[in-house]
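Whatever this is, show me its structure:
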Amino acid sequence: MPFVEQVASNPTILLLQGSIGFFAALLVFLILFTTRDIILRTHSFFYQLLCIALVALIPILGFFLYLLVRPSRTIRERELYAMVHAFHVKSVDSHHSHKARNVKKQKIESVEEEEEPLTE
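The predicted structure follows:
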């Protein structure tokens, strides 16, 4: 078995090989996580490439820097927020215009009542 032949019998070397394997797997995970996350957060190819390179070239520190500079919301979250905000503005405007119509109607009715001639 070629893999068993490459594993050292010396415990120190074996620990070093295991550590290198762990950090290599961690680096692959961080790069894949960053790639997936940045694609969900922006359409900018340059920004995506910059973030992935940051994590790949400066493994652990680059990932923490990425967490600081990434957009706070995903594209879907921003679209959903825009839709909810537009719906809210529309419903508030509708409510205010309906209320304003009622106030105008009440003012007109009160003015008409005041202007009614007294018949004796």
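
The host helix or strand of residue 14 - contacts with which helices or strands?
Element membership for residue 14, per DSSP states H and E: helix 11-41. If contacts are counted by 3 or more CB pairs under 8 Å, 6 or more residues apart in numbering; DSSP states H and E, helix 11-41 sits against helix 45-57, helix 59-69, helix 75-115. Quick note: C-beta positions are derived from backbone N, CA and C, even for glycine.

Taking their axis directions, the shortest one and helix 45-57 sit at what angle?
Looking back up the chat, that one is helix 59-69. For helix 59-69 against helix 45-57, the angle by axes from the mean of the first three to the mean of the last three CA atoms, to 10 degrees is 150 degrees.

Count the neighbours of the closest residue in space to residue 81 that isn't next to it in sequence for me.
Ranked by CB to CB, 6 or more residues apart in numbering and with sequence neighbours excluded, the top spatial neighbour of residue 81 is residue 73, at 7.1 Å. Neighbour count of residue 73, defined by other CB atoms under 10 Å: 13.

where does residue 73 land in three-state SS?
Following DSSP: H, G, I helix; E, B strand; the rest coil, we place residue 73 in the coil state.

What's the per-residue pLDDT of it here?
According to the prediction, residue 73 has pLDDT 92.
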